[in-house]
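A.B. asks: Okay, sequence plus prediction incoming.
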Amino acid sequence: MTQTTAESPIRKQRAQLNVRTLRTDRWWLTPALTFAGLMSFLIYGIWAILDKSYFAEPYIAPFSSPCLATSCPEGARFLGLAPFGDWYTLPPGLLILGLPGGFRLTCYYYRKSYYRSFWLSPPACAVSEPHTKYSGETRLPLIIQNVHRYFFYLAVVIGAILAYDAVLAFRDEHGNWGHVGLGTLILLANAVLIFCYTLGCHSCRHITAGRLNHFSKHPLRYKAWTFVSKLNARHQQFAWASMYSVMIADLYVRLVAKGVINFPFA
Amino acid sequence: MGYKAKFRVWRGEGGEGKLEDFTVEVNEGEVVLDVIHRLQATQAPDLAVRWNCKAGKCGSCSMEINGRPRLGCMTRMSTFDESETITVTPMRTFPVIKDLVCDVSFNYQKAREIPSFTPPKDVKPGEYRMQQIDVERSQEFRKCIECFMCNNVCHVIRDHDENKPAFAGPRFLMRIAELDMHPYDELDRRESAQEDHGLGYCNITKCCTEVCPEHIKITDNALIPMKERVVDRKYDPLVWLGSKIFKRSN
Ligand code: SF4
Ligand code: SF4
Ligand code: FES
Ligand code: FES
């Protein structure tokens, strides 16, 4: 009897199937929707950064906060600071764009989403990618993704500033406390979602206690890890929720600033 | 209650072969593996398929059903339309022996390349004391039934055969994470996870997690935490500085 032994060359081949995938479901739908969602955010972001109506006492648009340029109106300045001086005349949003931008760009979830939807590597599971070579995150430029934790540290600061902005939104346009407008609620909801997204970060999970091997010796850190793990399990949902909440909050403030939406309901 | 289903099954020796069409009876409550067995019994006595438990626990019956890696014994026929043609092929990433049976020795090779559990020399068997919360994380990974569908679906080797020598696949990167998180394992596995076993190739696109029949969160709980540990070891200057100053270990 003839046998195909482990050494025979025929044993070295995969099944010959010259199709990209045999999937029959609509596997292209998720990457297509992801592409559209991320694109909408990019396009809105570019418009928002260039748009000048980012402040309507007491609200500041999240895309332009903290407002650090000299061109920022008095009340919009973060803690009254304008550290960049007069030479800086570009939109103030550009100064801080890199922090939340870099955070999301290097986020493990966003990486998955744009590797799949923009780079098609892979577009969906068991659908072959169009590239002939693949080295993943082993070398430049993608090895830089490993800086993510540093963006996380900065994102905590940005998250705190957005929370501070939401607190300031409890004043009315004359600076008196006790106001609650639709804008207050929107900014507050946004701050909460941003925090859920930020604290659910994989780097945060690692820093709290993920890096330890003896949880039992670090009960407080273990507790924090357990909490972060819960947020982390919903990281994708919070990524989308906070991305849209920040867009909605930003647009809302700009509409108020442009006079499209008016007080006292705003 | 039975009906006739249209099946297309990949038949061949080694990599050479093609899809063959069959019409075959299906009864209520059956799974794809039952139908494959009926084909064997009635129309294709030499059809090769690997299986053992028919309970989703042995990991033998991995195949691709309508292009998706699935366990044949856990894929219910009721999830398909009666009019649908069901295509069944062997796993794409591994060489075929015959029909639906693959040579999965790549995986055994990779398993051997990982240094085994390395406890401290002075701790004897019987002296291990661990708390549940210290081993909980790795217990999830021990649910693995070694079906190798995660390694099969991973595009790093599925689409790029040339990466096979450098990449252990999600199954074994998870094994490294399991050992690295173990309170009694003394080896520092971070450097070699990246350099010898190819953790950097993983772009966390989560297909391994999507196909795992044990629903192990391979990417979130093993691969990404391991990537973060590698950052500690190789890429984070602050952690490096801290470890020099405090000579601390965890
Ligand atoms: S998450 Fe990583 S290991 Fe898992 S399938 Fe994707 S690339 Fe492969
Ligand atoms: S991790 Fe899951 S998919 Fe991978 S071999 Fe184990 S059971 Fe199968
Ligand atoms: S923010 Fe998504 S992983 Fe860090
Ligand atoms: S036969 Fe054991 S898992 Fe399917």
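C.D. replies: On my side now, so go ahead. Numbering: from 1, shown residues only, chains lettered A, B, ... in the order given. Ligands and ions are numbered 1, 2, ... in the order given.
A.B. asks: Give the other helices and strands that the helix or strand bottoming out on mean pLDDT in chain B contacts.
C.D. replies: Across the helices and strands of chain B, mean pLDDT, DSSP states H and E gives its lowest value to helix B:237-246, namely a mean of 83. In terms of contacts (3 or more Cβ pairs under 8 Å, 6 or more residues apart in numbering or on different chains; DSSP states H and E), helix B:237-246 is not packed against any helix or strand. Every residue, glycine included, has its C-beta placed from N, CA and C.
A.B. asks: Show me which positions of it end up buried.
C.D. replies: If you call a residue buried by 16 or more other Cβ atoms under 10 Å in any protein chain shown, then helix B:237-246 has these buried ones: residue B:239.
A.B. asks: Export that helix to CSV, keeping only CA atoms.
C.D. replies: Extracted as CSV, the C-alpha positions of helix B:237-246 are listed here (Å, rounded to 0.1, in the frame of the first residue of the first chain):
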residue,chain,number,x,y,z
PRO,B,237,12.6,54.2,28.6
LEU,B,238,10.9,55.1,31.9
VAL,B,239,10.2,51.5,32.9
TRP,B,240,13.8,50.6,32.0
LEU,B,241,15.1,53.4,34.1
GLY,B,242,12.9,52.4,37.0
SER,B,243,14.0,48.8,36.9
LYS,B,244,17.7,49.9,37.0
ILE,B,245,17.1,52.2,40.0
PHE,B,246,14.8,50.1,42.0
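A.B. asks: Just the endpoints, please. Distance across stretch B:123-138?
C.D. replies: By Cα to Cα, to the nearest Å, the extent of stretch B:123-138 from end to end equals 20 Å.
A.B. asks: For chain A, tell me whether it is touching it.
C.D. replies: Yes: looking at stretch B:123-138 against chain A by Cβ under 8 Å from any Cβ of the partner chain, the contacts come from B:131, B:133-134, B:136.
A.B. asks: right, and the helix or strand after the one helix or strand residue B:4 maps to?
C.D. replies: Assessed by DSSP states H and E, residue B:4 sits inside strand B:3-13. Per DSSP H and E, the first helix or strand lying C-terminal to strand B:3-13 is strand B:16-26.
A.B. asks: the inter-axis angle of the helix or strand following that following strand versus strand B:3-13?
C.D. replies: Sequence-wise, the next helix or strand downstream of strand B:16-26 (DSSP H and E) is helix B:32-42. Orientation of helix B:32-42 against strand B:3-13 (axes from the mean of the first three to the mean of the last three Cα atoms, to 10 degrees) gives an angle of 80 degrees.
A.B. asks: isn't there a strand covering residue B:45?
C.D. replies: No: counting by DSSP: H, G, I helix; E, B strand; the rest coil, residue B:45 is not found in a strand; it is coil.
A.B. asks: Could you list the buried residues of the strand holding residue B:4?
C.D. replies: Residues of strand B:3-13 classed as buried: B:5, B:7-13 (neighbour count, 16+ other Cβ under 10 Å).
A.B. asks: got it, and stretch A:14-24?
C.D. replies: A:14-15, A:17, A:21-23.
A.B. asks: So what touches it?
C.D. replies: Among residues not part of stretch A:14-24, those counted as contacts by Cβ atoms under 8 Å, 6 or more residues apart in numbering or on different chains are A:27, A:124, A:126-128, B:10, B:12, B:15-18, B:64, B:66-68, B:84, B:87, B:89-90, B:92-96, B:161.
A.B. asks: which of those are buried?
C.D. replies: With neighbours counted by 16+ other Cβ under 10 Å, the contacts of stretch A:14-24 contain buried members at A:27, A:124, A:126-128, B:10, B:12, B:15, B:17, B:64, B:66-68, B:87, B:89-90, B:92-96.
A.B. asks: Pipe the buried residues of strand B:3-13 into CSV and attach pLDDT and distance to ligand 3 per row.
C.D. replies: What follows is the buried residues of strand B:3-13, written out as CSV (pLDDT from 0 to 100; distance: Cβ to the nearest ligand atom, whole Å):
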residue, pLDDT, distance to ligand 3
B:5, 97, 43
B:7, 98, 42
B:8, 98, 41
B:9, 98, 42
B:10, 97, 39
B:11, 97, 45
B:12, 95, 43
B:13, 93, 46
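A.B. asks: Let me know the closest of the residues you listed to ligand 1.
C.D. replies: Nearest to ligand 1 among the buried residues of strand B:3-13, counting by Cβ to the nearest ligand atom, is residue B:10 at 22.6 Å.
A.B. asks: thinking residue B:135 is in contact with residue B:182, fair?
C.D. replies: Yes: between residue B:135 and residue B:182 there is a contact under Cβ atoms under 8 Å: 7.4 Å.
A.B. asks: Let me see the contact set for residue B:149.
C.D. replies: B:62, B:69-71, B:91, B:211-213.
A.B. asks: and the two most separated of the residues you listed?
C.D. replies: Maximum pairwise distance in those, criterion Cβ to Cβ, is 14.2 Å, between B:91 and B:212.
A.B. asks: quick one, phi/psi of residue A:205?
C.D. replies: Backbone torsions of residue A:205, given as degrees, to the nearest 10, read phi -60, psi -40.
A.B. asks: between the strand holding residue B:4 and strand B:16-26, how big is the angle?
C.D. replies: Using the same axes, to 10 degrees, strand B:3-13 lies at 160 degrees relative to strand B:16-26.
A.B. asks: Enumerate residues external to strand B:3-13 that contact any of its residues.
C.D. replies: A:4, A:10, A:15-17, B:17-26, B:35-36, B:39, B:44, B:47, B:77, B:80, B:82, B:84-90, B:96-100.
A.B. asks: Stretch A:168-182 now?
C.D. replies: Stretch A:168-182 has contacts (Cβ under 8 Å, 6+ apart) with A:56-60, A:183-184, A:187-188, A:252, A:261, A:263-266.
A.B. asks: Distance check, the residue of the stretch 1-150 of chain A found nearest ligand 1 against residue B:235.
C.D. replies: Closest to ligand 1 within the stretch 1-150 of chain A is residue A:136: 7.1 Å, counting by Cβ to the nearest ligand atom. From residue A:136 across to residue B:235, the span is 15 Å (Cβ to Cβ, to the nearest Å).
A.B. asks: These two: who's more crowded?
C.D. replies: Higher neighbour count among residue A:136 and residue B:235: residue A:136, with 23 against 18, using other Cβ atoms under 10 Å in any protein chain shown.
A.B. asks: which residue sits closest to that one in space, ignoring its chain neighbours?
C.D. replies: Distances taken as Cβ to Cβ, 6 or more residues apart in numbering or on different chains put residue B:201 closest to residue A:136, at 3.9 Å, once the chain neighbours are dropped.
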